[in-house]
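In: predicted model and sequence below, questions to follow.
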Amino acid sequence: MCQESTVQKRQRRQAGQGMTEYIIVVALVAVAAIAVYQLFGQVVRSQTAAMAKELAGEDGSEQSRMAQTAAEAAAAQTAAKTLKSFTGNAGTQ
């Protein structure tokens with residue numbers, strides 16, 4: 001009887017560890033998604049607006065141009081960021 005309860009405790013502990021690992025992975029994915037959305041959020045909003053206008057039978061070319069401009073700005077921002085940008089030492093070298 002004593003051995004059975006030890007096995008059950010071990011199984012519960014392992015299940016708890018699996019759940020903890022799962023929560024950590026979900027949190028990392030959420031943080032990454034937030035970062036990507038902050039970088040490309042305007043692009044996504046503009047593209048969605050362009051598609052909605054086109055589906056409604058209206059001209060969505062202005063929203064398409066806004067999406068292109070936002071995408072170019074995001075690409076320039078990405079190209080400008082290096083590891084030095086995040087440590088605050090960008091101007092030292």
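Out: That came through fine. Numbering: from 1, shown residues only.
In: quick one, helices of this structure?
Out: Remark: helices assigned in the chain by DSSP state H are 2-55, 61-80, 83-87.
In: and the ones you listed, which is most packed in?
Out: Ranked by mean neighbour count, the helices of the chain are led by helix 61-80 with a mean of 14 (mean count of other Cβ atoms under 10 Å). Backbone N, C-alpha and C define where each C-beta goes, glycine included.
In: packing partners for it?
Out: If you count contacts as 3 or more Cβ pairs under 8 Å, 6 or more residues apart in numbering; DSSP states H and E, helix 61-80 packs onto helix 2-55.
In: list of residues touching stretch 62-78?
Out: Residues outside stretch 62-78 that contact it (Cβ atoms under 8 Å, 6 or more residues apart in numbering) are 39-40, 42-43, 46-47, 49-50, 53.
In: make TSV out of those residues and add distance to Asp59 and pLDDT.
Out: Converted to TSV, these look like this (distance: Cβ to Cβ, whole Å; pLDDT from 0 to 100):
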residue	distance to Asp59	pLDDT
Leu39	28	76
Phe40	24	78
Gln42	20	82
Val43	19	83
Ser46	14	86
Gln47	15	85
Ala49	12	86
Ala50	10	88
Lys53	7	88
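In: mind putting those into TSV with distance to Thr20?
Out: What follows is the contacts of stretch 62-78, written out as TSV (distance: Cβ to Cβ, whole Å):
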residue	distance to Thr20
Leu39	29
Phe40	31
Gln42	36
Val43	35
Ser46	39
Gln47	37
Ala49	41
Ala50	42
Lys53	46
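In: per-residue pLDDT, the residue sitting nearest the centre point of the chain?
Out: Centrality entry for the chain: nearest residue to the mean C-alpha point is Ala33, 1.2 Å, by Cα atoms, centre = their mean. The model reports Ala33 with a pLDDT of 87.
In: how about Ala79?
Out: 75.
In: now swap in Ile23 and tell me
Out: Predicted confidence (pLDDT) for Ile23: 94.
In: could you do Tyr37 as well?
Out: So, for Tyr37, pLDDT stands at 79.
In: pretty sure it sits against Val31.
Out: No - judged on Cβ atoms under 8 Å, Tyr37 makes no contact with Val31 at a distance of 10.8 Å.
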